[in-house]
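Student: Dropping the sequence and predicted coords here.
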Amino acid sequence: MASNVKNLMLTRCCTLAALFALVLGPSSSSQALADENWTRFRGPNGSGVAAESFSAEWAEDDFLWRVALPGKGHGSPVGWGELVFVTWGDAATGGLTLAAIDAATGETKWTKSFEGSPHSIHAANSYASGTPTVDAERVYVTWTANDILHAAAVDHRGEIVWQRELGPAEYKHGAGNSPILVDDLLVVANDHMGESFVVGLDAKSGDERWRRPRQGGTESYATPLLFDSVDGQEQIVVCSSAEGIAGLSPADGAVLWQSRNIYLARCVNSPFIAAGMVFSGSGEGGNGKNLTAVRPASDKGGEPTIAFELKKSLAQVPTPVAVGDRLFVWSDRGVVTCYNAADGEEIWTKRIGGNYYGSPVVAGDKLYCVAADGEVVCIAAADKYELLGRSQLGQGSNATPAIHQGKMFLRTESSLACLPSLETSPAN
(Lines give C-alpha, C1' and ligand atoms only; values in the text may rest on other atoms or scores of the structure.)
Protein backbone atom coordinates (compact mmCIF):
# COMPACT_ATOMS: atom_id res chain seq x y z
CA MET A 1 0.00 0.00 0.00
CA ALA A 2 2.77 2.43 0.95
CA SER A 3 4.55 1.64 -2.33
CA ASN A 4 1.40 2.39 -4.33
CA VAL A 5 0.90 5.70 -2.51
CA LYS A 6 4.53 6.63 -3.11
CA ASN A 7 4.23 5.83 -6.83
CA LEU A 8 1.01 7.82 -7.06
CA MET A 9 2.65 10.85 -5.42
CA LEU A 10 5.65 10.55 -7.76
CA THR A 11 3.40 10.44 -10.82
CA ARG A 12 1.45 13.44 -9.53
CA CYS A 13 4.65 15.43 -8.92
CA CYS A 14 5.95 14.67 -12.42
CA THR A 15 2.65 15.74 -13.95
CA LEU A 16 2.66 19.00 -11.98
CA ALA A 17 6.28 19.65 -12.93
CA ALA A 18 5.34 19.34 -16.60
CA LEU A 19 2.48 21.79 -16.12
CA PHE A 20 4.75 24.30 -14.37
CA ALA A 21 7.27 24.12 -17.21
CA LEU A 22 4.44 25.13 -19.54
CA VAL A 23 3.49 27.99 -17.22
CA LEU A 24 6.98 29.45 -17.28
CA GLY A 25 7.09 29.07 -21.04
CA PRO A 26 10.06 30.81 -22.63
CA SER A 27 11.03 32.82 -19.57
CA SER A 28 13.60 31.85 -16.94
CA SER A 29 13.48 28.15 -17.83
CA SER A 30 16.10 27.31 -15.19
CA GLN A 31 13.70 28.11 -12.36
CA ALA A 32 12.51 25.01 -10.51
CA LEU A 33 9.27 26.07 -8.91
CA ALA A 34 9.20 23.47 -6.15
CA ASP A 35 12.55 24.67 -4.79
CA GLU A 36 12.16 28.35 -5.60
CA ASN A 37 12.12 31.13 -3.06
CA TRP A 38 9.05 33.36 -3.36
CA THR A 39 11.03 36.47 -4.26
CA ARG A 40 8.56 38.96 -5.72
CA PHE A 41 4.88 39.75 -6.32
CA ARG A 42 3.23 36.44 -7.31
CA GLY A 43 6.44 34.46 -6.93
CA PRO A 44 8.80 33.18 -9.63
CA ASN A 45 8.57 35.63 -12.54
CA GLY A 46 5.11 36.66 -11.41
CA SER A 47 3.57 33.34 -12.45
CA GLY A 48 1.48 32.89 -9.31
CA VAL A 49 2.07 29.13 -9.45
CA ALA A 50 3.61 26.77 -6.88
CA ALA A 51 4.08 23.00 -6.74
CA GLU A 52 2.94 22.46 -3.15
CA SER A 53 -0.55 21.23 -2.27
CA PHE A 54 -2.69 22.71 0.51
CA SER A 55 -6.06 21.98 2.06
CA ALA A 56 -9.06 23.28 0.17
CA GLU A 57 -10.45 24.78 3.36
CA TRP A 58 -9.30 25.18 6.93
CA ALA A 59 -10.04 26.54 10.40
CA GLU A 60 -7.99 28.84 12.63
CA ASP A 61 -6.41 25.85 14.41
CA ASP A 62 -4.92 24.64 11.13
CA PHE A 63 -2.50 27.56 10.91
CA LEU A 64 1.06 26.95 12.05
CA TRP A 65 1.01 30.46 13.45
CA ARG A 66 -0.66 33.81 13.09
CA VAL A 67 0.86 37.12 14.18
CA ALA A 68 -0.53 40.64 14.43
CA LEU A 69 0.93 43.35 12.20
CA PRO A 70 1.11 46.85 13.76
CA GLY A 71 0.01 48.67 10.61
CA LYS A 72 -2.13 48.30 7.51
CA GLY A 73 -0.77 47.04 4.22
CA HIS A 74 -1.78 45.26 1.03
CA GLY A 75 1.64 44.20 -0.25
CA SER A 76 2.29 40.46 -0.36
CA PRO A 77 4.93 38.70 1.72
CA VAL A 78 8.11 37.46 0.02
CA GLY A 79 10.47 34.78 1.25
CA TRP A 80 14.08 33.66 1.16
CA GLY A 81 15.24 30.62 3.05
CA GLU A 82 14.01 30.69 6.64
CA LEU A 83 12.79 34.29 6.50
CA VAL A 84 9.57 35.89 5.27
CA PHE A 85 9.49 39.64 4.70
CA VAL A 86 6.39 41.82 4.96
CA THR A 87 5.68 45.55 5.12
CA TRP A 88 3.06 47.77 6.71
CA GLY A 89 2.30 51.47 6.63
CA ASP A 90 1.74 54.11 9.29
CA ALA A 91 -1.54 55.92 8.63
CA ALA A 92 -0.45 58.91 10.73
CA THR A 93 2.98 59.52 9.18
CA GLY A 94 2.80 57.77 5.82
CA GLY A 95 5.93 55.84 6.77
CA LEU A 96 6.81 52.27 5.79
CA THR A 97 8.06 49.46 8.03
CA LEU A 98 9.75 46.28 6.77
CA ALA A 99 9.81 43.20 9.00
CA ALA A 100 11.68 39.91 8.80
CA ILE A 101 9.70 37.02 10.27
CA ASP A 102 10.81 33.47 10.99
CA ALA A 103 8.83 31.35 8.53
CA ALA A 104 8.68 28.39 10.90
CA THR A 105 7.57 30.15 14.10
CA GLY A 106 6.20 33.59 13.21
CA GLU A 107 8.79 35.27 15.44
CA THR A 108 9.74 38.78 14.31
CA LYS A 109 13.51 38.85 13.85
CA TRP A 110 13.81 42.57 13.15
CA THR A 111 12.01 45.61 11.79
CA LYS A 112 13.26 48.60 9.84
CA SER A 113 11.23 51.79 9.36
CA PHE A 114 11.45 54.47 6.67
CA GLU A 115 10.09 57.99 6.92
CA GLY A 116 7.15 58.93 4.75
CA SER A 117 4.60 61.71 4.53
CA PRO A 118 0.81 61.61 4.80
CA HIS A 119 -0.86 61.97 1.41
CA SER A 120 -4.12 61.23 -0.32
CA ILE A 121 -4.72 57.58 -1.20
CA HIS A 122 -7.69 55.59 -2.42
CA ALA A 123 -9.84 54.00 0.28
CA ALA A 124 -8.78 50.58 -1.02
CA ASN A 125 -5.08 51.50 -1.01
CA SER A 126 -2.54 51.70 1.83
CA TYR A 127 0.88 53.15 2.56
CA ALA A 128 2.33 49.65 2.02
CA SER A 129 0.67 48.30 -1.11
CA GLY A 130 3.81 47.46 -3.06
CA THR A 131 5.39 44.02 -2.65
CA PRO A 132 9.14 43.87 -1.86
CA THR A 133 11.60 41.73 -3.78
CA VAL A 134 14.40 39.69 -2.24
CA ASP A 135 17.61 37.85 -3.12
CA ALA A 136 20.19 35.87 -1.16
CA GLU A 137 21.69 39.00 0.42
CA ARG A 138 19.12 41.80 0.52
CA VAL A 139 15.43 42.69 0.49
CA TYR A 140 14.32 45.72 -1.53
CA VAL A 141 11.38 48.05 -0.87
CA THR A 142 9.87 51.14 -2.48
CA TRP A 143 7.58 53.81 -1.01
CA THR A 144 6.61 57.44 -1.55
CA ALA A 145 7.27 60.48 0.63
CA ASN A 146 6.63 64.12 -0.31
CA ASP A 147 5.64 63.04 -3.84
CA ILE A 148 9.01 61.35 -4.33
CA LEU A 149 9.49 57.64 -4.99
CA HIS A 150 12.11 56.09 -2.72
CA ALA A 151 13.89 52.73 -2.79
CA ALA A 152 16.05 50.98 -0.22
CA ALA A 153 17.97 47.75 0.23
CA VAL A 154 18.17 46.05 3.62
CA ASP A 155 20.36 43.03 4.32
CA HIS A 156 18.98 39.89 5.94
CA ARG A 157 20.25 41.06 9.34
CA GLY A 158 18.15 44.22 9.17
CA GLU A 159 20.85 46.75 8.27
CA ILE A 160 20.17 49.36 5.58
CA VAL A 161 22.64 48.85 2.72
CA TRP A 162 21.54 51.82 0.63
CA GLN A 163 18.63 54.23 0.22
CA ARG A 164 17.80 56.38 -2.83
CA GLU A 165 15.34 58.99 -4.08
CA LEU A 166 14.28 57.85 -7.54
CA GLY A 167 12.14 60.73 -8.80
CA PRO A 168 8.66 62.29 -8.73
CA ALA A 169 5.66 60.14 -7.90
CA GLU A 170 2.29 61.82 -8.46
CA TYR A 171 -0.39 59.23 -7.74
CA LYS A 172 -3.98 60.36 -7.27
CA HIS A 173 -4.89 57.01 -5.71
CA GLY A 174 -1.56 56.44 -3.97
CA ALA A 175 1.41 54.37 -5.09
CA GLY A 176 1.81 50.60 -5.22
CA ASN A 177 5.11 49.97 -7.00
CA SER A 178 6.55 46.45 -6.77
CA PRO A 179 10.19 46.14 -7.91
CA ILE A 180 11.77 43.08 -9.54
CA LEU A 181 15.30 41.73 -9.81
CA VAL A 182 17.08 40.78 -13.03
CA ASP A 183 20.25 39.12 -11.76
CA ASP A 184 22.07 42.01 -10.02
CA LEU A 185 19.76 44.69 -11.45
CA LEU A 186 16.83 46.13 -9.48
CA VAL A 187 14.08 47.35 -11.82
CA VAL A 188 11.40 49.81 -10.69
CA ALA A 189 8.58 51.01 -12.94
CA ASN A 190 7.08 54.38 -12.00
CA ASP A 191 4.21 55.25 -14.36
CA HIS A 192 2.18 58.04 -12.79
CA MET A 193 0.53 61.40 -13.48
CA GLY A 194 3.80 63.28 -13.99
CA GLU A 195 7.22 62.58 -15.50
CA SER A 196 7.30 58.79 -15.53
CA PHE A 197 10.19 56.37 -15.90
CA VAL A 198 11.55 52.87 -15.54
CA VAL A 199 14.88 52.76 -13.72
CA GLY A 200 17.53 50.07 -13.37
CA LEU A 201 19.66 50.18 -10.22
CA ASP A 202 22.72 48.22 -9.19
CA ALA A 203 21.24 45.92 -6.55
CA LYS A 204 24.40 45.93 -4.44
CA SER A 205 25.13 49.67 -4.37
CA GLY A 206 21.87 51.35 -5.42
CA ASP A 207 23.74 53.24 -8.15
CA GLU A 208 21.65 54.05 -11.20
CA ARG A 209 22.69 52.09 -14.30
CA TRP A 210 20.05 53.40 -16.64
CA ARG A 211 16.78 55.31 -16.78
CA ARG A 212 14.10 55.08 -19.46
CA PRO A 213 11.82 58.16 -19.52
CA ARG A 214 8.13 57.36 -20.06
CA GLN A 215 5.04 59.33 -20.96
CA GLY A 216 2.94 60.10 -17.90
CA GLY A 217 -0.62 61.23 -17.41
CA THR A 218 -2.20 58.01 -16.14
CA GLU A 219 -1.37 55.89 -13.11
CA SER A 220 -0.30 52.33 -13.82
CA TYR A 221 0.49 49.67 -11.24
CA ALA A 222 1.72 46.76 -13.38
CA THR A 223 4.77 44.91 -12.03
CA PRO A 224 7.42 44.28 -14.72
CA LEU A 225 7.98 40.80 -16.15
CA LEU A 226 10.92 38.89 -17.63
CA PHE A 227 10.52 37.27 -21.04
CA ASP A 228 13.06 35.29 -23.06
CA SER A 229 12.90 36.27 -26.73
CA VAL A 230 13.28 33.87 -29.63
CA ASP A 231 16.96 34.86 -29.55
CA GLY A 232 17.20 33.55 -26.00
CA GLN A 233 17.85 36.95 -24.45
CA GLU A 234 15.94 38.29 -21.47
CA GLN A 235 13.66 41.27 -21.95
CA ILE A 236 11.98 43.38 -19.28
CA VAL A 237 8.30 43.75 -20.18
CA VAL A 238 6.64 46.92 -18.90
CA CYS A 239 3.06 48.11 -19.34
CA SER A 240 1.18 51.39 -19.00
CA SER A 241 -1.87 52.88 -20.64
CA ALA A 242 0.20 55.82 -21.89
CA GLU A 243 3.04 53.75 -23.38
CA GLY A 244 1.33 50.44 -24.15
CA ILE A 245 3.45 47.32 -23.77
CA ALA A 246 7.20 47.32 -24.40
CA GLY A 247 10.27 45.12 -24.06
CA LEU A 248 13.37 46.77 -22.58
CA SER A 249 16.98 45.63 -22.62
CA PRO A 250 18.27 44.79 -19.12
CA ALA A 251 21.68 46.09 -20.19
CA ASP A 252 20.72 49.71 -20.84
CA GLY A 253 16.92 50.05 -20.76
CA ALA A 254 16.73 50.49 -24.53
CA VAL A 255 13.32 49.84 -26.08
CA LEU A 256 13.58 46.59 -28.06
CA TRP A 257 9.96 46.58 -29.21
CA GLN A 258 6.74 48.36 -28.35
CA SER A 259 3.03 48.22 -29.10
CA ARG A 260 1.22 51.44 -28.24
CA ASN A 261 -2.48 52.21 -27.89
CA ILE A 262 -3.54 48.70 -26.93
CA TYR A 263 -5.05 49.47 -23.53
CA LEU A 264 -8.53 50.88 -23.09
CA ALA A 265 -7.98 52.06 -19.49
CA ARG A 266 -5.39 52.02 -16.68
CA CYS A 267 -2.99 49.10 -16.25
CA VAL A 268 -3.52 47.90 -12.69
CA ASN A 269 -2.93 44.17 -12.86
CA SER A 270 0.40 42.80 -14.06
CA PRO A 271 1.64 41.07 -17.22
CA PHE A 272 2.16 37.29 -17.16
CA ILE A 273 3.19 34.51 -19.53
CA ALA A 274 0.90 31.85 -20.98
CA ALA A 275 1.13 29.72 -24.12
CA GLY A 276 4.42 31.39 -25.06
CA MET A 277 2.83 34.84 -25.11
CA VAL A 278 2.70 37.85 -22.81
CA PHE A 279 -0.78 38.69 -21.51
CA SER A 280 -1.57 42.12 -20.10
CA GLY A 281 -4.73 44.07 -19.46
CA SER A 282 -6.42 47.27 -18.40
CA GLY A 283 -9.55 48.28 -16.55
CA GLU A 284 -11.44 50.88 -14.57
CA GLY A 285 -14.30 51.09 -12.09
CA GLY A 286 -13.79 47.52 -10.91
CA ASN A 287 -14.12 46.08 -14.40
CA GLY A 288 -11.52 44.77 -16.81
CA LYS A 289 -11.73 46.45 -20.22
CA ASN A 290 -9.40 44.28 -22.27
CA LEU A 291 -6.83 41.49 -21.93
CA THR A 292 -4.38 41.23 -24.80
CA ALA A 293 -2.15 38.32 -25.82
CA VAL A 294 1.06 39.57 -27.43
CA ARG A 295 3.87 37.70 -29.17
CA PRO A 296 6.90 39.89 -28.41
CA ALA A 297 9.46 40.73 -31.06
CA SER A 298 13.03 39.46 -30.89
CA ASP A 299 16.01 41.40 -29.62
CA LYS A 300 16.96 42.01 -33.26
CA GLY A 301 13.95 44.21 -33.82
CA GLY A 302 10.63 43.77 -35.54
CA GLU A 303 7.10 44.38 -34.41
CA PRO A 304 5.23 42.52 -31.70
CA THR A 305 2.15 40.62 -32.85
CA ILE A 306 -1.22 40.79 -31.13
CA ALA A 307 -2.53 37.22 -31.18
CA PHE A 308 -5.99 37.99 -29.77
CA GLU A 309 -7.85 40.23 -27.34
CA LEU A 310 -10.46 39.40 -24.72
CA LYS A 311 -13.11 41.92 -23.66
CA LYS A 312 -15.54 39.88 -21.56
CA SER A 313 -15.49 38.69 -17.92
CA LEU A 314 -12.16 40.35 -17.11
CA ALA A 315 -10.40 41.80 -14.07
CA GLN A 316 -9.18 45.31 -13.37
CA VAL A 317 -7.06 44.64 -10.26
CA PRO A 318 -6.51 40.86 -9.83
CA THR A 319 -3.84 39.47 -12.16
CA PRO A 320 -4.99 36.30 -14.00
CA VAL A 321 -3.07 33.05 -13.63
CA ALA A 322 -2.23 30.31 -16.14
CA VAL A 323 -1.54 26.59 -15.74
CA GLY A 324 -0.45 24.79 -18.88
CA ASP A 325 -2.77 25.88 -21.67
CA ARG A 326 -5.51 27.05 -19.31
CA LEU A 327 -5.98 30.68 -18.33
CA PHE A 328 -8.02 31.61 -15.25
CA VAL A 329 -9.38 35.15 -14.90
CA TRP A 330 -10.77 36.05 -11.47
CA SER A 331 -12.66 39.32 -11.76
CA ASP A 332 -12.94 42.06 -9.14
CA ARG A 333 -16.63 41.24 -8.73
CA GLY A 334 -16.20 37.50 -8.20
CA VAL A 335 -16.71 36.02 -11.66
CA VAL A 336 -14.16 33.34 -12.60
CA THR A 337 -13.64 32.40 -16.24
CA CYS A 338 -11.45 29.66 -17.70
CA TYR A 339 -10.04 30.25 -21.18
CA ASN A 340 -7.87 28.35 -23.60
CA ALA A 341 -4.67 30.39 -23.35
CA ALA A 342 -3.64 29.58 -26.92
CA ASP A 343 -6.64 31.17 -28.65
CA GLY A 344 -8.83 32.83 -25.99
CA GLU A 345 -11.73 30.39 -26.34
CA GLU A 346 -13.96 30.41 -23.25
CA ILE A 347 -14.19 27.03 -21.52
CA TRP A 348 -16.38 27.92 -18.54
CA THR A 349 -17.46 30.86 -16.42
CA LYS A 350 -18.96 30.96 -12.93
CA ARG A 351 -20.07 33.68 -10.54
CA ILE A 352 -18.52 32.90 -7.16
CA GLY A 353 -19.41 36.16 -5.43
CA GLY A 354 -17.43 38.63 -3.35
CA ASN A 355 -15.17 41.55 -4.19
CA TYR A 356 -11.47 41.02 -4.90
CA TYR A 357 -8.27 43.07 -4.98
CA GLY A 358 -5.79 40.26 -4.37
CA SER A 359 -4.76 38.01 -7.26
CA PRO A 360 -5.40 34.27 -7.56
CA VAL A 361 -2.57 31.77 -7.11
CA VAL A 362 -2.33 28.12 -8.08
CA ALA A 363 -0.95 25.56 -5.62
CA GLY A 364 -0.82 22.01 -6.91
CA ASP A 365 -4.11 21.52 -8.73
CA LYS A 366 -6.06 24.10 -6.72
CA LEU A 367 -6.77 27.77 -7.34
CA TYR A 368 -7.01 30.17 -4.37
CA CYS A 369 -8.13 33.79 -4.15
CA VAL A 370 -8.77 36.00 -1.12
CA ALA A 371 -11.83 38.27 -1.11
CA ALA A 372 -11.77 41.76 0.37
CA ASP A 373 -13.80 40.54 3.37
CA GLY A 374 -11.17 37.88 4.14
CA GLU A 375 -12.88 34.84 2.65
CA VAL A 376 -10.46 32.48 0.88
CA VAL A 377 -12.15 30.67 -1.99
CA CYS A 378 -10.62 27.48 -3.40
CA ILE A 379 -11.65 25.95 -6.73
CA ALA A 380 -10.20 23.27 -8.97
CA ALA A 381 -7.69 24.49 -11.55
CA ALA A 382 -9.39 22.37 -14.17
CA ASP A 383 -11.47 22.32 -17.35
CA LYS A 384 -14.63 21.95 -15.28
CA TYR A 385 -15.70 24.31 -12.52
CA GLU A 386 -15.61 22.77 -9.05
CA LEU A 387 -15.84 24.64 -5.76
CA LEU A 388 -13.53 22.91 -3.29
CA GLY A 389 -13.75 25.08 -0.19
CA ARG A 390 -14.33 28.41 1.51
CA SER A 391 -12.39 29.59 4.57
CA GLN A 392 -12.52 32.80 6.60
CA LEU A 393 -9.50 34.81 7.70
CA GLY A 394 -11.76 36.93 9.91
CA GLN A 395 -10.19 40.19 8.73
CA GLY A 396 -10.26 42.19 5.52
CA SER A 397 -7.56 41.51 2.95
CA ASN A 398 -6.49 43.08 -0.34
CA ALA A 399 -3.29 41.04 -0.60
CA THR A 400 -2.21 38.09 -2.74
CA PRO A 401 -1.12 34.86 -1.01
CA ALA A 402 2.56 33.90 -1.07
CA ILE A 403 3.75 30.28 -1.19
CA HIS A 404 7.23 29.70 0.12
CA GLN A 405 8.98 26.42 0.92
CA GLY A 406 5.95 24.38 1.87
CA LYS A 407 3.91 27.13 3.48
CA MET A 408 1.17 29.51 2.32
CA PHE A 409 1.33 32.99 3.82
CA LEU A 410 -1.96 34.88 4.00
CA ARG A 411 -1.81 38.56 4.76
CA THR A 412 -4.79 40.51 6.08
CA GLU A 413 -4.94 44.22 6.88
CA SER A 414 -3.65 43.52 10.39
CA SER A 415 -2.14 40.03 10.52
CA LEU A 416 0.00 37.42 8.78
CA ALA A 417 -1.00 33.76 8.93
CA CYS A 418 0.99 30.68 7.93
CA LEU A 419 -0.71 27.55 6.55
CA PRO A 420 1.36 24.35 6.13
CA SER A 421 1.18 22.35 2.93
CA LEU A 422 -0.37 18.89 2.98
CA GLU A 423 3.14 17.46 2.72
CA THR A 424 4.51 19.40 5.71
CA SER A 425 1.45 19.65 7.97
CA PRO A 426 2.09 18.46 11.54
CA ALA A 427 -1.03 16.32 11.19
CA ASN A 428 0.68 14.17 8.53
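Tutor: Perfect, I can see it now.

Student: which stretches of the stretch 51-200 of the chain have low pLDDT?
Tutor: The stretch 51-200 of the chain contains no residues with pLDDT under 70.

Student: rerun at 90
Tutor: 72, 90-95, 115-129, 145-146, 169-177, 192-194 (pLDDT under 90).

Student: list the contacts for the closest residue to residue 275 other than its chain neighbours?
Tutor: Excluding the flanking residues, the one nearest residue 275 by Cβ to Cβ, 6 or more residues apart in numbering is residue 341, at 4.1 Å. Using the backbone N, CA and C atoms, a C-beta is placed for each residue, glycine as well. The contact partners of residue 341, by Cβ atoms under 8 Å, 6 or more residues apart in numbering, come to 274, 275, 277, 279, 293, 322, 324, 325, 326, 327.

Student: how about a cut-off of 6 Å?
Tutor: Applying Cβ atoms under 6 Å, 6 or more residues apart in numbering to residue 341 gives the contacts 274, 275, 322, 325, 327.

Student: and the last one, how many neighbours does it have?
Tutor: So that's residue 327. Neighbour count for residue 327, taken as other Cβ atoms under 10 Å: 25.

Student: Could you do the fourth one as well?
Tutor: Residues within reach of residue 325, counting by other Cβ under 10 Å, total 15.

Student: quick one: contacts for it?
Tutor: Contacts of residue 325 were listed using Cβ under 6 Å, 6+ apart, and they are 275, 341, 342.

Student: The same query, at a cut-off of 8 Å, please.
Tutor: Residue 325 makes contact with 22, 274, 275, 340, 341, 342, according to Cβ under 8 Å, 6+ apart.

Student: Let's have those residues in CSV, adding distance to residue 206.
Tutor: As requested, the contacts of residue 325 are exported to CSV (distance: Cβ to Cβ, whole Å):
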residue, distance to residue 206
22, 37
274, 34
275, 37
340, 44
341, 38
342, 42
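
Student: Pull the most distant pair out of the residues you listed.
Tutor: Farthest pair in those (Cβ to Cβ) is 22 and 340. Separation: 13.0 Å.

Student: of these two, who's got more company?
Tutor: residue 22 (18 against 15).

Student: what residue ranges in the stretch 301-428 of the chain score low on pLDDT?
Tutor: Looking at the stretch 301-428 of the chain by pLDDT under 90, you get 301-304, 312-313, 423-428.

Student: run the last query once more with 70
Tutor: 301, 427-428.

Student: On the three-state scheme, residue 61 is what?
Tutor: Secondary structure, DSSP: H, G, I helix; E, B strand; the rest coil: residue 61 is helix.

Student: same check, this time on residue 45
Tutor: Going by three-state DSSP: residue 45 is helix.

Student: my read: it touches residue 273, true?
Tutor: Yes. Look at residue 45 against residue 273 with Cβ atoms under 8 Å: they come within range, at 7.2 Å.

Student: picking up where we left off before, for the contacts of residue 325, give me TSV that also has secondary structure and distance to residue 425.
Tutor: Putting those into TSV (DSSP: H, G, I helix; E, B strand; the rest coil; distance: Cβ to Cβ, whole Å) gives the following:
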residue	secondary structure	distance to residue 425
22	helix	28
274	strand	31
275	coil	34
340	strand	35
341	coil	32
342	coil	36
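
Student: Just name the closest of those residues to residue 350, please.
Tutor: Distances from residue 350 to those, taken by Cβ to Cβ, are shortest for residue 340, at 16.5 Å.

Student: wait, doesn't residue 275 sit right on residue 345?
Tutor: No. Judged on Cβ under 8 Å, residue 275 makes no contact with residue 345 at a distance of 11.8 Å.

Student: out of these two, which sits in the busier spot?
Tutor: Each of residue 275 and residue 345 has its neighbours counted (other Cβ under 10 Å); residue 275 has more, 21 against 10.

Student: Can you pull the phi and psi angles for the more buried one?
Tutor: Dihedral angles of residue 275 (phi, psi; degrees, to the nearest 10) stand at phi 50, psi 40.

Student: From residue 186, how far off is it?
Tutor: Residue 275 sits 29 Å away from residue 186, going by Cβ to Cβ, to the nearest Å.

Student: swap in residue 210?
Tutor: Residue 210 is 12 Å from residue 186, by Cβ to Cβ.

Student: quick one, which of the two is more surrounded?
Tutor: Comparing residue 210 with residue 186 by other Cβ under 10 Å, the one with more neighbours is residue 186, at 24 against 17.

Student: Hmm, residue 151 and the more buried one touching each other?
Tutor: Yes. Contact criterion Cβ under 8 Å: residue 186 and residue 151 qualify, at 7.2 Å.

Student: right, and out of the contacts of residue 341, which lies closest to residue 62?
Tutor: residue 322 (28.4 Å).

Student: Quickly list what the closest one is bridged to.
Tutor: Beta-bridge pairing of residue 322 under DSSP bridges involves residue 327.

Student: Tell me where the stretch 1-150 of the chain has strands.
Tutor: For the stretch 1-150 of the chain, the strands defined by DSSP state E, counting those that start in this stretch cover 49-50, 65-68, 78-80, 83-89, 96-102, 108-114, 133-134, 138-145, 148-155.

Student: And the stretch 301-428 of the chain, by the same measure?
Tutor: 305-310, 321-323, 326-330, 335-340, 346-351, 361-363, 366-370, 375-380, 387-392, 402-404, 407-411, 415-420.

Student: I'd like those written out as a markdown table, with distance to residue 229 added.
Tutor: Shown next, in a markdown table, are those (distance: least, Cβ to Cβ, whole Å):
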| stretch | distance to residue 229 |
| --- | --- |
| strand 305-310 | 13 |
| strand 321-323 | 19 |
| strand 326-330 | 22 |
| strand 335-340 | 24 |
| strand 346-351 | 29 |
| strand 361-363 | 26 |
| strand 366-370 | 30 |
| strand 375-380 | 34 |
| strand 387-392 | 38 |
| strand 402-404 | 28 |
| strand 407-411 | 33 |
| strand 415-420 | 38 |
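
Student: shared neighbours of residue 186 and residue 151, which are they?
Tutor: Common neighbours of residue 186 and residue 151 (Cβ under 8 Å, 6+ apart) are 140, 179, 201.
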